[in-house]
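Asker: Provide a 3D model corresponding to the input given below.
(one chain, ligands or ions: 1)
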Amino acid sequence: MKIQHLFYFILSLIFASSTNASSIIIKTEKATFKVYGNCGMCKETIESALKKNAHIKKASWNEETKMISVSYDPQMISLTEIHNIIASVGYDTEKVKGNDAAYKKLHSCCQYDRKKV
Ligand SMILES: [Cu+2]
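Answerer: Predicted coordinates for the structure are as follows:
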């Protein structure tokens, strides 16, 4: 009898958690910020680095304005982490300085003018 009770208890737990899970709406947050770069190749490098992350739904960098628009799941990834991904492939964002080694490996046309620190 006790085992049966336990069974129903577990069953109700599973039910409760699954209904809970389905009620969580996946929220997508949007952000736009500056990323320093030059050309279409930069665009490709920046966007493909971001798109490798499953929690970033959209990434689009504008060559003229140097602004990137991202859509992401804020419960899974923070905006700071997004800045860090871009920095890791060699690009400066308005918040995070790009990785120097990665910057040096960029194609010469992609080695945008950096602010002298
Ligand atoms: Cu480039």
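
Asker: how long is stretch 63-83 end to end?
Answerer: This stretch, stretch 63-83, spans 17 Å end to end (CA to CA, to the nearest Å).

Asker: buried sites along it?
Answerer: Using 16 or more other CB atoms under 10 Å as the test for burial, stretch 63-83 gives 66, 68, 70, 72, 77, 82-83. (Each C-beta comes from the backbone N, C-alpha and C, glycine too.)

Asker: and what of stretch 88-99?
Answerer: Residues of stretch 88-99 classed as buried by neighbour count (16+ other CB under 10 Å): 89-93, 96, 98-99.

Asker: hang on, the earlier thing: mind picking the two most distant members of the buried residues of stretch 63-83?
Answerer: Greatest spatial distance among these (CB to CB): 66 and 77, at 22.1 Å.

Asker: just to revisit the earlier point, in helices only, show me the buried residues of stretch 63-83.
Answerer: 82-83 (DSSP state H).

Asker: what residue ranges in the protein score low on pLDDT?
Answerer: The chain contains residues with pLDDT under 70 at 1, 3, 6-7, 9-24, 115-117.

Asker: Done for today, thanks.
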